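Sequence first, predicted coordinates after that:
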Amino acid sequence: MAIVGEKVIKEFGNPPTRVLHALDFRIDDGEFISISGRSGSGKSTLLYIISTLDKPTQGRVLIDGRDPSLMTTAEIHRFRNTSVGFIFQFHYLLPELSALENVLLGPRNMSIWKEKRAYAMELLDTFGVADQAHKLPAQMSGGQQQRVAIARALVMNPKYIFADEPTGNLDTINGERVMGILLDINKRLKTTICLVTHEPDYAKLANREIFLSDGHIVSTADPGESAPMTTPS
Ligand SMILES: Nc1ncnc2c1ncn2[C@@H]1O[C@H](COP(=O)(O)OP(=O)(O)OP(=O)(O)O)[C@@H](O)[C@H]1O
Ligand SMILES: [Mg+2]
């Protein structure tokens with residue numbers, strides 16, 4: 001199965017400015033793709049559309065054959081809660097909740113936090129922040145907060161991870177750590193990962209790199225090992 005974009009156009013404002021120009025793309029299950037390009041080229045806009053947080057102005061996105069903009073509100077919330085993990089440059093942990101409570105937010109919404117508590121602790125441990133579990137975000141370093149945010153994105157074992165510059169605020173060591181975690185999840189759990197980054201070294205670690213220039217896909221190079229074969233559906 002796959003996420004398929006068909007002539008995806010995005011415009012903002014009035015008169016409309018076109019930010020994405022009829023993009024066709026396909027992201028197969030289990031792929032690790034990077035989205036790169038200069039500032040303002042449309043990376044975040046594309047990621048928001050791929051991840052159901054925003055809708056195309058024209059064209060459509062199909063996730064496993066279904067158009068999210070035609071789902072009911074309940075369906076889309078369920079999809080986001082159970083199938084998608086979001087990681088942003090600014091982590092958006094809730095300031096009044098501890099690290100562990102932040103990780104358990106999604107499970108709490110689904111009324112399964114008791115079942116997930118041990119796994120949440122295991123994730124914090126994997127990322128080296130188990131000792132931060134009962135601290136508030138303001139009492140942790142930026143790198144620790146980011147790792148908590150990644151644990152939160154993973155706790156539901158999502159099918160997809162959408163990450164927008166997750167290493168943007170981190171030093172080299174923590175940036176590499178986060179990249180290592182994403183690569184490991186992709187390999188071990190076959191999680192599909194879409195990573196927006198302007199770090200060429202990180203973009204190259206993906207199976208496939210989608211390079212944007214002024215809202216056009218100018219290449220979908222294969223920087224590393226061969227990407228999975230795509231078959232027309
Ligand atoms: N809500 C909005 N309203 C109007 N214009 C917008 C909006 N969001 C994005 N844009 C414009 O769309 C273009 C693409 O923005 P986008 O945020 O996707 O770029 P980006 O590639 O993620 O850049 P960066 O690397 O700086 O994060 C930019 O010219 C931006 O100003
Ligand atoms: Mg951006």
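Cool, the structure landed. Ligands and ions are numbered 1, 2, ... in the order given.

just checking, what packs against the helix or strand of the chain with the lowest mean pLDDT?
Ranking every helix and strand in the chain by mean pLDDT, DSSP states H and E puts strand 216-221 at the bottom, with a mean of 85. Contacts defined by 3 or more C-beta pairs under 8 Å, 6 or more residues apart in numbering; DSSP states H and E place strand 216-221 against strand 17-28, strand 208-213. C-beta coordinates here come from the backbone N, C-alpha and C atoms, glycine included.

out of those strands, nearest to ligand 1?
Closest to ligand 1 of those, according to C-beta to the nearest ligand atom: strand 17-28, at 3.9 Å.

so of the helices and strands packed on strand 216-221, which one's packed in deepest?
Scoring the helices and strands packed on strand 216-221 by mean neighbour count under mean count of other C-beta atoms under 10 Å gives strand 208-213 as the most buried, with a mean of 20.

most centrally placed residue in this protein?
residue 162 (0.9 Å; C-alpha atoms, centre = their mean).

my read: it touches residue 88, true?
No. Here residue 162 does not reach residue 88: they are 9.0 Å apart, not a contact under C-beta atoms under 8 Å.

Flag every residue of the protein that's near ligand 1.
Counting by C-beta under 6 Å from any ligand atom, the residues of the chain close to ligand 1 are 12, 13, 19, 37, 39, 40, 41, 42, 43, 44, 45, 198.

again, only this time at 5 Å
Contact residues, the chain versus ligand 1 (C-beta under 5 Å from any ligand atom): 12, 19, 39, 40, 41, 42, 43, 44, 45.

nearest residue to the first one other than its sequence neighbours?
What sits nearest to residue 12 in space, not counting adjacent residues and going by C-beta to C-beta, 6 or more residues apart in numbering, is residue 19, at 5.9 Å.

pretty sure that neighbour contacts residue 215?
Yes. Assessed by C-beta under 8 Å, residue 19 is found in contact with residue 215 at 5.2 Å.

Overlap of the contact sets of these two?
Counting by C-beta atoms under 8 Å, 6 or more residues apart in numbering, the residues touching both residue 19 and residue 215 are 10, 42.

Helices along this structure, start to end?
For the chain, applying DSSP state H gives helices covering 43-50, 73-83, 99-103, 105-109, 113-126, 142-154, 172-189, 200-203.

same question for the first one, mean pLDDT?
Averaging pLDDT along helix 43-50 gives 96.

helices or strands next to it in the packing?
Packed next to helix 43-50, using 3+ C-beta pairs under 8 Å, 6+ apart, are strand 2-12, strand 17-28, strand 32-37, strand 160-164, strand 192-196.

which residues touch that helix?
Helix 43-50 has contacts (C-beta under 8 Å, 6+ apart) with 3, 5, 8, 10, 19-20, 23, 27, 35-37, 54-56, 61, 162, 164, 194, 196, 198, 212.

Tell me the buried residues within those residues.
3, 5, 8, 10, 19-20, 23, 27, 35-37, 56, 61, 162, 164, 194, 196, 198, 212 (16 or more other C-beta atoms under 10 Å).

Right, I'll call it a day here.
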